[in-house]
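Colleague: make a model of this:
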Amino acid sequence: MVVLQLRFLLVPFLTSIMGAAQYMMQDAALMNYIDRRFLSLEKRLEKCNQDILDYVEEFRDFSKMVLSRLAGLNNYKAEVKSEVENLLTRIERAQRDIDYLGSVTDSNTCIEVHEDLVKQQLFEEAEEKKKLKLMLNASCDHMLAGIKSLKIVKKTGDKHGSWMKDPGKKHTKIYLLNGSVNNVILEFANIMTFMESNHTLKARRVTLPFPWEGTSHIIYQGFLFYHRYGSLNEIIKYNIQKRSITDQMLLPGAGRIPAYQLSPSTKIDLAIDEHGLWAIHAEPETRGNIVITKINHVTMAVEHTWDTSCNSKGAEAAFMACNTLYVVYNFPSGGTSRIQCVYDVLDAVNTYEIPVLHFPKRQGSHSTIHYNPKEKQLFAWGDGSQIIYKLHTKQKV
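Modeller: Predicted coordinates for the structure are as follows:
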């Protein structure tokens, strides 16, 4: 009887144990399945991340290739533009040569030249010189004989820059253009204000719409004339009072090499003398010799161009005074600046008899030298110093 009761008690107990074990086996199988699924998902996520990294790297390489191609296209475009402008310049010069040859040779290209043709050529050359003299007002008859003294007015700004007065105005304002690339002019009421220690606080700031390139800009009759940064040879005429661009022009042949070897940032040097606006630059076709161009400052049209015998190698600056170009040379490491090449556009100066003219009492270099025809002085920027040179002149021979 007791055995029977135990049997009835053990059966449910064993049944419950077996059921629990079965549930545990099912749970273990479920956990194993879930674990495998998570492992599979992790592998797929890892592969997805790796694919994304590969795609990102591939996209970066593609972007670099595209940017490189674009840069190459921009360079090619600039080169093509430069070559086209160079070709146009050479065509213009070739046309002038052809016209000249056509005026001095007969149609049958005979060796003998008729006296009438010679007379005609001499007459035309004389007429051309008369026109140039009228255009340049030949009453300007003085030439530089020496540099008497210097005065260091102030030391401010960067190593390179320019400062000046406006020789075409009666006011005594001073203009400071700091750096070889900038777009802010500082205007001072007079030189005493400029010399004060807190001079920048009293300056009127004029912001240009486009920055300048180089240091050889000029202010004349209320306008700033400057080489636009980023352009090959664009010259902008800017009204300082109205703060607006009045006109602009392209200077053929300029902008491909520096005007002066020792001032590589200056591709076009703009100058003022007794007869107005000039542009000074160098060209590869002239083997680095300097070219000067007379520009009408009102219409911004080229009036005449001269190829000079002055070379840009070893030159640091130049200026125009009374129709004559004076080129300043120096050493690459700096030294005593000297004028040793002179070119008069009207051949009124025997340049071979002019001695070398040395700048006084100073060792260093110049980034800009401008002649002021009103005061007959040079305004120069040398190693961050603003300098005035007084001149000694004499009658042209």
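Colleague: so where's this protein uncertain?
Modeller: 1-15, 18-21, 23, 86, 89-90, 92-139, 348, 350-353, 397 (pLDDT under 70).
Colleague: how about the helices in it?
Modeller: Taking DSSP state H, the helices of the chain run over residues 2-104, 115-136, 191-195.
Colleague: list the buried residues of the shortest one.
Modeller: For helix 191-195, the neighbour count (16 or more other CB atoms under 10 Å) marks 191, 193-194 as buried. (C-beta placed from N, C-alpha, C; glycine too.)
Colleague: who does that helix touch, helix- and strand-wise?
Modeller: In terms of contacts (3 or more CB pairs under 8 Å, 6 or more residues apart in numbering; DSSP states H and E), helix 191-195 is packed against strand 142-155, strand 174-178.
Colleague: to residue 43, which of those lies closest?
Modeller: Checking the helices and strands packed on helix 191-195 against residue 43 by CB to CB gives strand 174-178 as the closest, at 63.7 Å.
Colleague: for the closest one, the distance to its chain's centre please.
Modeller: Centroid displacement of strand 174-178 relative to its chain, using CA atoms, centre = their mean, to the nearest Å, is 17 Å.
Colleague: same check on stretch 340-349?
Modeller: On the basis of CA atoms, centre = their mean, stretch 340-349 is displaced by 28 Å from the centre of the chain it belongs to.
Colleague: could you give the number of residues near residue 141?
Modeller: Residue neighbour count, defined by other CB atoms under 10 Å, stands at 12 for residue 141.
Colleague: so how far is residue 46 from it?
Modeller: 90 Å (CB to CB, to the nearest Å).
Colleague: try residue 309
Modeller: 76 Å.
Colleague: one more: residue 68?
Modeller: Separation of residue 68 from residue 46 (CB to CB): 33 Å.
Colleague: residue 174 now?
Modeller: Between residue 174 and residue 46 the computed distance is 70 Å (CB to CB).
Colleague: could you do residue 266 as well?
Modeller: 60 Å.
Colleague: excluding chain neighbours, give the residue nearest to residue 204 in space.
Modeller: For residue 204, ignoring the flanking residues on the chain, the nearest one in space by CB to CB, 6 or more residues apart in numbering is residue 187 at 4.3 Å.
Colleague: thinking again about what came up before, okay, the helices and strands packed on helix 191-195 in JSON lines with distance to residue 41 and mean neighbour count next?
Modeller: As requested, the helices and strands packed on helix 191-195 are exported to JSON lines (distance: least, CB to CB, whole Å; neighbours: other CB atoms under 10 Å):
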{"stretch": "strand 142-155", "distance to residue 41": "72", "mean neighbour count": "15"}
{"stretch": "strand 174-178", "distance to residue 41": "64", "mean neighbour count": "23"}
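Colleague: of all those, which one is nearest residue 305?
Modeller: Residue 305 sits nearest to strand 142-155 of all the helices and strands packed on helix 191-195, at 21.9 Å, using CB to CB.
Colleague: what's the angle from that closest one to strand 174-178?
Modeller: 70 degrees (axes from the mean of the first three to the mean of the last three CA atoms, to 10 degrees).
Colleague: which strands and helices sit next to strand 142-155?
Modeller: Partner elements for strand 142-155 (3+ CB pairs under 8 Å, 6+ apart): helix 191-195, strand 324-329, strand 338-344, strand 357-358, strand 385-395.
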